[in-house]
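>>> got a predicted structure here, sequence first:
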Amino acid sequence: MSEIDQLVGALTTGRQIDLPIYLRAVEGGDSLRQELAAVQSDMEISTPLFVSGTSQSCAVCNDLAPERASRTTVADNSRSEVRRIADLVNENADAVIAVGGGRPIDVAKAAALLVDVPVVVIPTQLSADGIASPIAVIREDGGDVVSERGQLPVAVVADLELLAGAPINFARAGVGDLLGNRTALEDWRIAAAAGQELVDDFAALLASCAHLLIEGLDLSPLARGEMTIDLARRLLDGLVLSGLAMEIAGSSRPCSGSEHLISHALDALEPGTAAHGEQVAFGTLIATALQGGDPAEPRALMAAAGLNGALTGFGISPARMAEVIKFGPSTRPGRYTVLDRERPSLQSLRTLIEGLHSA
């Protein structure tokens, strides 16, 4: 039994929660096919629907799926795609095997919950902590983006060679997403002190462990545009631990605070700025400062990982970025964070941002 298995077992004793059964990491496509077949056999999955994205993950999916297996691609994370996938599962599938990054995984989790079938995730990139989380990010028909409950994956089967060979910006984004755990946890405690929430200490411990995995890594290969097998494994473990923390907490609270609200605000006011994890990394700098911490610590990790856009605010002027940050709490009403406690003015935010830029 691995150290992670022992930790999860200790934390979940006596709790009525779901957790993934399998976390299998192999090296090479042949091993991936064999491991997936073994998981399907163990889970008695006989007629899965394979779901992937439309580009690189589609090729991986086609290589994995047996010739006669049902398969489809998703173009986006829209509600209509969720309904379509659910209908396909209802026709003749006993599980969903999601191959790809955030969008196909989120759609698969949302659809599987609708029809109550298990989900197996095969990640092709390490850009965010949705790999093994119960959260699905879905775009409604009217355009609004919501984070909602999805089916928690029963298994994650990963090819470390495939993950190490993905574009380096995905891994950098994954690091950025994990960096946000520390400020998210502090925001959770701030909400508890204000009488808004209760902190689940065990979920918080798991989220903190996920962050510590990144703190203890040599991230410098990422800055050089390189990714190692060992780094892929550790990053995978950290993202999975974050997902488990959210399942234990029953929400995204252990891994999503003001830093994520700032990312959501960028999506709304400055769409296309950067990948989610990169925006979260920038939000972590702001949140750390507002919480009274030392932004030098996350800055060092960001620099080591090559998150240069986040370090410089993506070229957005301090005045405009201050407006974005002020907009953050409105993206998720009811999620109390340091932005609610401090209620910083536009001028104070501008001064803070200018100070971070000159650091």
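Thanks, I have the structure now.

>>> please count neighbours and contacts with C-alpha atoms only from this point.
Will do.

>>> and residue 321, how far is that from residue 344?
Here the criterion is Cα to Cα, to the nearest Å. By it, residue 321 lies 13 Å from residue 344.

>>> and those two? which has more neighbours close in?
Shown here are residue 321 and residue 344; by other Cα atoms under 10 Å, residue 321 has more neighbours (23 against 17).

>>> look at that one and report its pLDDT.
For residue 321, the pLDDT comes out at 98.

>>> what separation do you get for it and residue 28?
Counting by Cα to Cα, the gap from residue 321 to residue 28 is 43 Å.

>>> and for residue 194?
Relative to residue 28, and taking Cα to Cα, residue 194 is found at 50 Å.

>>> with residue 49 instead?
23 Å.

>>> and residue 328, by the same measure?
42 Å.

>>> neighbour count for the two, which is higher?
Comparing residue 328 with residue 28 by neighbour count (other Cα under 10 Å), the higher total belongs to residue 328, at 23 against 13.

>>> ok, the more buried one touching residue 264?
Yes - if you go by Cα atoms under 8 Å, residue 328 and residue 264 touch, sitting 6.8 Å apart.

>>> report the central residue of the chain.
What sits nearest the mean C-alpha location of the chain, by Cα atoms, centre = their mean, is residue 129, with 2.3 Å.

>>> quick one: the closest residue to that one other than its chain neighbours from residue 190, how far?
Nearest non-adjacent residue to residue 129, counting by Cα to Cα, 6 or more residues apart in numbering: residue 239, 4.5 Å away. To residue 190, residue 239 is 24 Å away according to Cα to Cα.

>>> more neighbours: which of these two?
residue 239 (28 against 20).

>>> got the contact list for residue 166?
124, 125 (Cα atoms under 8 Å, 6 or more residues apart in numbering).

>>> can you confirm it is in a strand?
No - under DSSP: H, G, I helix; E, B strand; the rest coil, residue 166 falls outside any strand and is assigned coil.

>>> per-residue pLDDT, it?
95.

>>> so what does it look like in phi/psi?
Note on residue 166: its backbone torsions stand at phi -70, psi 160 [degrees, to the nearest 10].

>>> the one 3 residues further on too?
Residue 169 adopts backbone torsions of phi -60, psi -30, taken as degrees, to the nearest 10.

>>> likewise residue 345?
phi -80, psi 160.

>>> can you tell me how far it is from residue 191?
20 Å.

>>> again, but for residue 221
For residue 221 relative to residue 191 (Cα to Cα), the value is 37 Å.

>>> higher neighbour count, those two?
residue 191 (20 against 15).
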